[in-house]
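My questions concern the predicted model and sequence given below.
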Amino acid sequence: YELLDQNADHLHWDTAEAWNEAKKGMSNSTDAAGGGHAHCGMMIYLGDNWPGQYRGRLFTLNMHGRRINQDRLERHGATYTGLHEADMLMSSDPWFRGIELLYGPDGGVYIADWTDIGECHENDGVHRTSGRIFKMSYGEVLERPKELRGAGGLASQSSAQLVKLQLHPNDWYVRQARQVLQYRAAQQKPMRAVHRQLRQMFDQQTDVTRRLRAIWALQVTGGTDRDWLLERLEDENEHVRRWSVQLLVENPEVPARVIEALATRARVDDSGLVLCYLASALQRLPAGQRWPIAEQLVARQEFSSDRVLPMMIWYGIEGAVESDSGSAVSLALAAQQSQVRRYISRRLGEDLEQNLAAVNSLVSALPLLAVEQQRDILAGLDDALQAWTKAPQPENWLKVQTVLAESPDQEVRQLTGQLGVVFGDGRGLEQLLEIVASAEYDSTARQAAIRSLVTARADGLLAVLKGQLGDRDVVVEAVRGIAVLDPENMPQILLEAYGRLRGRG
């Protein structure tokens, strides 16, 4: 129903210009903002060669700007926000097309350059076999770091040495050593000493990044268990708690005591990041186990306007609404988040015949709710029924409609009137034609309206559908409708749709 927005607080081009203007020549304002909209490749630098100020920064290659953009990640609410920093590198070569960057064992950064004057939409095959690789280092760099000297590299080192590498300042070694340890564990090599060393590391380190490295290495080598992870839910550091949440639900069979502990954490934890991980964990759980955690998450009013958490809660429960509509209604009525209330109502309304009793429960509760709650529930039902000409009427609708029609809130009165038409005499075909042609309605409503109009064989529909052949949101339903109304001309219609869509890029 809704996608998460980007996590950055900025765009890398002047939004007063069209997004593709940078291809024709870059303006000073877009140049200052970062070079353009198109990015490829991403790296968070955790190497040990570049100066410390760059560690933890996010870098991405800007294709039209021929540069590396740099963002600073800061905790905000339930997640992170990217803040714009100075561009890291710029190329004057018009053939430069950076597509990936990563740091290696000496901390230097490798940059893959496609080397072409075209971009992703070119189809002439210009220089498809060309390419370059650059390396960007700071100061003197060892040709072969000592950890890799010898015929076998890291794979030849002892498990104890690989554990010590979990503290290496260059995360390349941390990951590679952890992978070797994971492989040895999978080969049934003895891991008792490894686990003992890693738990000591976790207990003794004060830097949370090093404690996390110990947790991750323990997890992939079989050194964690539920009891130990449950204890970590009480850790003073939010990052340890959030990773404990994630690791506790990686096994699809989650016992009731873990669900209870996660629900408690959802009720008491003051970290938005931990709550976000709990919301994400819902998607890994069987539908019936999601509700106790979700009930605690939707009660957290202090995060009701967060940019991310309400949507993460919705993503977590959406798959469970259909199988337990009663719990979904209870959650909608208790939720402090506008999106959760609206989307549960919409989801129930989209299968109205199946969920008529649940929708009636929602409707019956409306007179007792605050105006904000009334708006969200009515709007959700209205979204669900946009393309219906006439819908089954919930049992208590007429009684509730009388009350809401006198609401002091204009939006509540308007939504009540709109639903009254659908639950009453029905919506006219003219209104459905308006929905199809208007960009104010979302794609789901417009597609459903087309299906209803095709079923009704509405007058003038063929011309309306032909007018939508260049609209990606509804072109599939438009073509299907034309196939019903005018099957003889389908080859021509398909060619027209292809041409119009391609003309829009």
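Noted; the coordinates are in hand.

my guess is E100 meets F59, correct?
No: using C-beta atoms under 8 Å, E100 makes no contact with F59, being 11.0 Å away. C-betas here are computed from N, CA, C, even on glycine.

These two: which has the busier surroundings?
Counted by other C-beta atoms under 10 Å, E100 and F59 do not tie: F59 has more neighbours, with 23 against 15.

Quick one: list the elements packing against the host helix or strand of the more buried one.
Assignment of secondary structure by DSSP states H and E places F59 within strand 58-62. Contact partners of strand 58-62 among helices and strands, from 3 or more C-beta pairs under 8 Å, 6 or more residues apart in numbering; DSSP states H and E: strand 39-44, strand 67-76, strand 79-90, strand 98-103.

Make a markdown table out of these and add distance to P394 and mean pLDDT.
Supplementary listing: the helices and strands packed on strand 58-62 in a markdown table, determined by distance: least, C-beta to C-beta, whole Å; pLDDT from 0 to 100:
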| stretch | distance to P394 | mean pLDDT |
| --- | --- | --- |
| strand 39-44 | 48 | 96 |
| strand 67-76 | 41 | 96 |
| strand 79-90 | 38 | 95 |
| strand 98-103 | 54 | 96 |
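
tell me which element W19 is part of?
Using DSSP H and E, W19 sits within no helix or strand.

Excluding chain neighbours, give the residue nearest to it in space.
H37 (4.5 Å; C-beta to C-beta, 6 or more residues apart in numbering).

hmm, back to that, CA-only coordinates of the strand holding F59 in CSV, if you can.
C-alpha atoms of strand 58-62 as CSV (Å, rounded to 0.1, in the frame of the first residue of the first chain):
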residue,chain,number,x,y,z
LEU,A,58,28.4,5.8,3.1
PHE,A,59,29.8,6.2,-0.4
THR,A,60,28.0,5.7,-3.7
LEU,A,61,28.9,6.3,-7.3
ASN,A,62,27.0,9.1,-9.1
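
starting at the chain centroid, how far to it?
For strand 58-62, the distance from its own C-alpha centre to the chain's C-alpha centre is 19 Å (C-alpha atoms, centre = their mean, to the nearest Å).

strands paired with it, and their directions?
Strand pairing for strand 58-62, using DSSP bridges, gives strand 39-44 (antiparallel), strand 67-76 (antiparallel).

which SS state does L433 fall under?
Put simply, L433 is helix when judged by DSSP: H, G, I helix; E, B strand; the rest coil.

correct me, but it touches D459?
No: L433 lies out of contact with D459 (C-beta under 8 Å); the separation is 9.4 Å.

The two - which one has more neighbours?
The residue with the greater number of neighbours, taking L433 and D459 and applying other C-beta under 10 Å, is L433; the counts read 18 against 10.

Please name the nearest non-neighbouring residue to the more buried one.
Setting aside the residues directly before and after it, L433 is nearest to V464 in space (C-beta to C-beta, 6+ apart), at 6.0 Å.

so how far is G131 from that neighbour?
Using C-beta to C-beta, to the nearest Å, one obtains 48 Å as the distance from V464 to G131.

got it, and H12?
When C-beta to C-beta is applied, the distance between H12 and G131 equals 24 Å.

just Q468 next, same as before
Here the distance between Q468 and G131 works out to 41 Å (C-beta to C-beta).

other SSEs contacting the longest helix anywhere in the chain?
With residue count as the measure and DSSP state H as the assignment, the chain has helix 171-186 as its longest helix. Contact analysis of helix 171-186 by 3+ C-beta pairs under 8 Å, 6+ apart lists helix 159-164, helix 208-220 as its packing neighbours.

quick one: contacts of the shortest one?
Judged by C-beta atoms under 8 Å, 6 or more residues apart in numbering, the contacts made with helix 159-164 from elsewhere in the structure are 154, 177-178, 180-181, 184, 189, 191, 193-194, 197-198, 201, 217.

go again using 6 Å as the cut-off
Identification of contacts with helix 159-164 by C-beta atoms under 6 Å, 6 or more residues apart in numbering yields 177, 180-181, 194, 197.

ditto for stretch 276-295
78-79, 242, 245-246, 249, 259, 262-263, 266, 297, 309, 312-313, 316-317, 320, 323, 327.

Span of it from start to end?
Here the two ends of stretch 276-295 are set 14 Å apart, with distance taken as C-alpha to C-alpha, to the nearest Å.

same deal with stretch 422-430?
Stretch 422-430 end-to-end distance (C-alpha to C-alpha) = 14 Å.

Could you check how far that stretch is from the centre of its chain?
Counting by C-alpha atoms, centre = their mean, stretch 422-430 comes out at 36 Å from the chain centroid.

gap between L229 and R242?
Distance of L229 to R242, computed by C-beta to C-beta: 12 Å.

angle of the strand holding F59 against strand 79-90?
Per axes from the mean of the first three to the mean of the last three C-alpha atoms, to 10 degrees, the angle that strand 58-62 makes with strand 79-90 is 50 degrees.

Retrieve the pLDDT associated with S156.
Looking at S156, its pLDDT reads 90.

cool, D31 as well?
pLDDT, the model's per-residue confidence, is 92 for D31.

try N123
N123 is assigned a predicted lDDT (pLDDT) of 64.

Same question for the one 5 residues further on.
Looking at R128, its pLDDT reads 68.

ok, now P367?
97.

Confirm it sits in a helix?
Yes: secondary structure of P367 (three-state DSSP): part of a helix.

Tell me the secondary structure at the residue nearest to it when sequence neighbours are not counted.
Excluding its sequence neighbours, the residue lying closest to P367 (C-beta to C-beta, 6+ apart) is V403, at 4.6 Å. Three-state call for V403 (three-state DSSP): helix.

Hmm, V403 is touching A365, no?
No: counting by C-beta atoms under 6 Å, A365 is not a contact partner of V403; they are 11.7 Å apart.

Between the two, which has more neighbouring residues?
Between V403 and A365, A365 has the larger neighbour count (other C-beta under 10 Å), namely 18 against 12.

element containing the nearest residue to that one once chain neighbours are set aside, please.
Counting by C-beta to C-beta, 6+ apart, L333 is the residue found nearest to A365 once chain neighbours are left out, at 5.7 Å. Assigning secondary structure by DSSP H and E places L333 in helix 325-334.
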